[in-house]
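A.B. asks: A predicted structure for the sequence below; I have some questions about it.
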Amino acid sequence: MLKDYRKKYFNDLESSVASLLIFCIYFFIIGYFFNWLIIEGVWVGDASVCKSSTGACVSFLKEKLVFILFGVYPREFLIRPILGIIILILGWLHFTKKKNWNNLLFFKFLALMFIYILLLRGFNDSFVPTSKWGGLPLTLLLSIVGIALSYPVGIFLALARTSNQLIPRYLSIIYIELIRGVPLISILFMSSVLIPLFLPDGVTINKLFRAQIAIILFSAAYFAEVIRGGLNSIPKGQWEGAKSIGLNYFQIIRLIVLPQALVKVIPPTVNTIIGMFKDTSLVIIIALFDLMGTTKASMTDSKWLGFSVEAYFLCALIYFIICSKMGKFSKKVEQELQRGH
């Protein structure tokens, strides 16, 4: 193993110098944060004690941790979102194992999300309205449901844009270019303001559902362009060969084209997913407090003013852990699927 590391990082003079430089930068960054958080950090005390120290105010994070993670969710029912996050983590561990990749995977996912939403919502006397959902549970809900629903829509749009039928192709082009030409904030704002205007009298849709629709519609356009790149990479000879053995269009797409195209675009797909996960922070524009929203709200307490670095550090750490796990999982999926081919 030592020889492998030597070959990887110190194979020649250039790689050795670059490796030493990077290791020094890492050592400096880790040492700085260790000194700021552990050695000089204030773990016990109030805001006045923290302001007299040059280290991190861990007391602020201890005081605001529950609010940052869960927002204004009723404290008497706090065990439910905690249990929901644990179930999502267990589901993630289950889905990342190749032996569990079977035809039941989609139904397992639906059951997992149903349980998660049911835990957040509750029923009868323990019912919690969506207006009180916030923090990390809301971020996970918006991103997971958004990814699960926008990806199939993106496949449909990509197929329509690459088809020979003029009407589906031009409709998909108009939709994709229109959505990609405006920022997500504007779509969230329009979904919050315009959707209620088109509903019949007496029919209402809560803000969370409207935000979820906006995220799905927005992400689907970006997924469509990523998938279109994979579709265009398939040689025309495979289409012609499939037609020569009597396969129709839908059989060619399902059995030959999509299995290859989706594998080829896994890296940009995951990049889009990670971007979408972080973009859920924009729902604060319609007064939904996800993880970033609760982080910003925690800094408005008059008793704990001036500790934004600590709050953003915790928020960034959570985002980094989740995004890095998604990137590592995508690499594993790509290797397994390419090995299968």
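C.D. replies: Yes, it's here. Numbering: from 1, shown residues only.

A.B. asks: switch to C-alpha atoms for all contacts and neighbour counts from now on
C.D. replies: Noted.

A.B. asks: tally of neighbours for residue 225?
C.D. replies: Counted with other Cα atoms under 10 Å, the neighbours of residue 225 add up to 20.

A.B. asks: actually residue 226, sorry about that
C.D. replies: For residue 226, using other Cα under 10 Å, the count is 24.

A.B. asks: residue 13 now?
C.D. replies: Neighbour count of residue 13, defined by other Cα under 10 Å: 10.

A.B. asks: now residue 260
C.D. replies: That count, for residue 260 with other Cα under 10 Å as the rule, works out to 18.

A.B. asks: tell me how far it lies from residue 151.
C.D. replies: Counting by Cα to Cα, to the nearest Å, the gap from residue 260 to residue 151 is 16 Å.

A.B. asks: now swap in residue 215 and tell me
C.D. replies: 11 Å.

A.B. asks: which of these two has more residues huddled nearby?
C.D. replies: residue 215 (27 against 21).

A.B. asks: leaving out chain neighbours, which residue sits closest to the more buried one?
C.D. replies: Nearest residue to residue 215, sequence neighbours excluded (Cα to Cα, 6 or more residues apart in numbering): residue 146, at 6.1 Å.

A.B. asks: what's the answer for residue 239, then?
C.D. replies: In space, residue 239 is closest to residue 252, 7.1 Å off (Cα to Cα, 6+ apart).

A.B. asks: helix, strand, or coil at the one you found?
C.D. replies: At residue 252 the chain is in helix, as set by DSSP: H, G, I helix; E, B strand; the rest coil.

A.B. asks: and it, how many residues sit next to it?
C.D. replies: 18.

A.B. asks: can I assume it is in contact with residue 242?
C.D. replies: Yes - using Cα atoms under 8 Å, residue 252 and residue 242 qualify as a contacting pair, with a distance of 6.4 Å.

A.B. asks: state the distance from the residue nearest to residue 215 to residue 186.
C.D. replies: The value you get for residue 146 to residue 186, if Cα to Cα is used, is 17 Å.

A.B. asks: neighbour count: these two, which is higher?
C.D. replies: Neighbours were counted for residue 146 and for residue 186 using other Cα under 10 Å; residue 146 has more, 25 against 12.

A.B. asks: tell me how far that one lies from residue 223.
C.D. replies: Distance from residue 146 to residue 223, by Cα to Cα: 12 Å.

A.B. asks: can you check residue 136 too?
C.D. replies: According to Cα to Cα, residue 136 stands 24 Å off from residue 223.
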